[in-house]
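K.L.:
No sequence on hand, only this structure:
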């Protein structure tokens with residue numbers, strides 16, 4: 001049943017956002033893990049150990065187009081599968097599209113292939129990645145950053161990788177003191193769990209936020225690069241909606257394994273159908289909150305179910321639900337720490353870097 005649901009692609013009209021309209025599509029991708037009963041380990045092996053994924057777990061890989069809202073890919077994999085090797089990234093994105101993934105998917109060969117096919121990408125710089133100047137000479141990135149004393153970012157052309165030499169643009173921003181201190185604190189906490197102390201080099205990197213992209217300055221300003229990369233957070237909010245609001249990862253341990261798995265697949269089908277409904281009722285509103293909209297949808301479920309056998313009644317219920325969502329599920333405009341939709345509309349509002 002899930003496979004049949006995934007054969008249907010529901011998308012809204014592209015949002016009228018100048019920054020997103022620079023690309024044919026804007027894809028954000030990531031995965032989320034769901035723990036399963038130990039009896040499922042043969043099919044869905046977890047990582048166990050300190051990763052806290054248990055003996056059995058599955059991973060949901062999602063690729064989301066932020067222009068139309070469509071879920072372009074949704075794959076189910078064993079929990080111990082590597083993100084970097086996931087089939088979710090096998091297909092080359094369309095010409096003129098933009099792809100944004102976190103460091104777990106960083107791969108220079110992939111970036112090189114995407115660039116050759118006319119697709120754009122933005123990523124965080126992976127520590128340890130070789131950086132060369134445009135003529136191919138090795139570059140001491142830390143030394144170069146120490147020399148950067150003026151205000152504003154370091155925004156330069158580089159080559160990435162000693163073998164691939166991927167033509168890229170590196171944007172380095174000095175992190176605010178409180179952000180750098182928070183990063184160093186986390187570095188100490190993580191190292192202490194393994195009985196180590198963080199290296200001086202690692203602590204120095206905490207002072208900087210570095211992005212790499214093949215988007216030229218003529219296409220995106222440095223602020224636009226940062227805002228678009230931060231759009232990746234939207235998929236984290238989508239997973240939060242599925243797992244917190246819809247209890248996708250919750251299991252009743254007093255039920256049989258077959259019953260628990262049947263309920264999981266049913267919930268997953270449910271959140272996909274929920275996503276379709278949210279697209280058709282909220283997507284064109286820049287100030288939408290999918291979390292709040294899902295709350296309104298929950299209140300309307302009984303009315304929608306009663307109208308499933310009558311297309312006209314169902315259309316009327318959806319129209320009325322859309323009006324209710326528009327009145328309730330809106331994000332307020334903030335003067336401090338602007339919301340994502342405010343930054344998309346005006347990247348100049350960007351004030352801080354995480």
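P.N.:
Structure received. In this text, all values refer to a predicted model and were calculated from it rather than measured experimentally.
K.L.:
Assign a three-state SS to residue 42, would you?
P.N.:
Under DSSP: H, G, I helix; E, B strand; the rest coil, residue 42 falls in the coil class.
K.L.:
I'd like to know how far the residue lying closest to residue 330 once chain neighbours are set aside sits from residue 21.
P.N.:
Excluding the flanking residues, the one nearest residue 330 by CB to CB, 6 or more residues apart in numbering is residue 287, at 4.6 Å. All C-beta spots, glycine's among them, are computed from the backbone N, C-alpha and C. According to CB to CB, to the nearest Å, residue 287 stands 18 Å off from residue 21.
K.L.:
what about residue 257, neighbour count?
P.N.:
Per other CB atoms under 10 Å, the neighbour tally for residue 257 reads 14.
K.L.:
Touching, it and residue 37? I think so.
P.N.:
Yes: assessed by CB atoms under 8 Å, residue 257 is found in contact with residue 37 at 4.8 Å.
K.L.:
just the helices in the stretch 1-150 of the chain please.
P.N.:
Ranges of helices in the stretch 1-150 of the chain, per DSSP state H, counting those that start in this stretch, are 2-6, 108-116, 141-147.
K.L.:
same deal with the stretch 201-350 of the chain?
P.N.:
222-230, 233-240, 257-282, 290-306, 311-328, 340-345.
K.L.:
and among these, the most buried is which?
P.N.:
The highest average neighbour count among these, using mean count of other CB atoms under 10 Å, belongs to helix 222-230 at a mean of 21.
K.L.:
just checking, what packs against it?
P.N.:
Using 3 or more CB pairs under 8 Å, 6 or more residues apart in numbering; DSSP states H and E as the contact criterion, the elements in contact with helix 222-230 are strand 98-100, strand 120-124, strand 166-174, strand 208-213, helix 340-345.
K.L.:
mean pLDDT lowest for which of those?
P.N.:
Of all the helices and strands packed on helix 222-230, the minimum mean pLDDT falls on helix 340-345 (a mean of 90).
K.L.:
pLDDT below threshold where in the chain?
P.N.:
Within the chain, the ranges that satisfy pLDDT under 70 run 48-53, 150, 352-354.
K.L.:
At the geometric centre of it, which residue do we find?
P.N.:
Among the residues of the chain, the one closest to the centroid is residue 232, at 3.4 Å (CA atoms, centre = their mean).
K.L.:
returning to that earlier point: and the helices and strands packed on helix 222-230 as JSON lines, adding distance to residue 327?
P.N.:
Formatted as JSON lines, the helices and strands packed on helix 222-230 follow (distance: least, CB to CB, whole Å):
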{"stretch": "strand 98-100", "distance to residue 327": "32"}
{"stretch": "strand 120-124", "distance to residue 327": "35"}
{"stretch": "strand 166-174", "distance to residue 327": "39"}
{"stretch": "strand 208-213", "distance to residue 327": "38"}
{"stretch": "helix 340-345", "distance to residue 327": "17"}
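K.L.:
Quick check: which of these is buried the most?
P.N.:
Of the helices and strands packed on helix 222-230, the one with the most neighbours on average (mean count of other CB under 10 Å) is strand 98-100, at a mean of 25.
K.L.:
No more questions from me, cheers.
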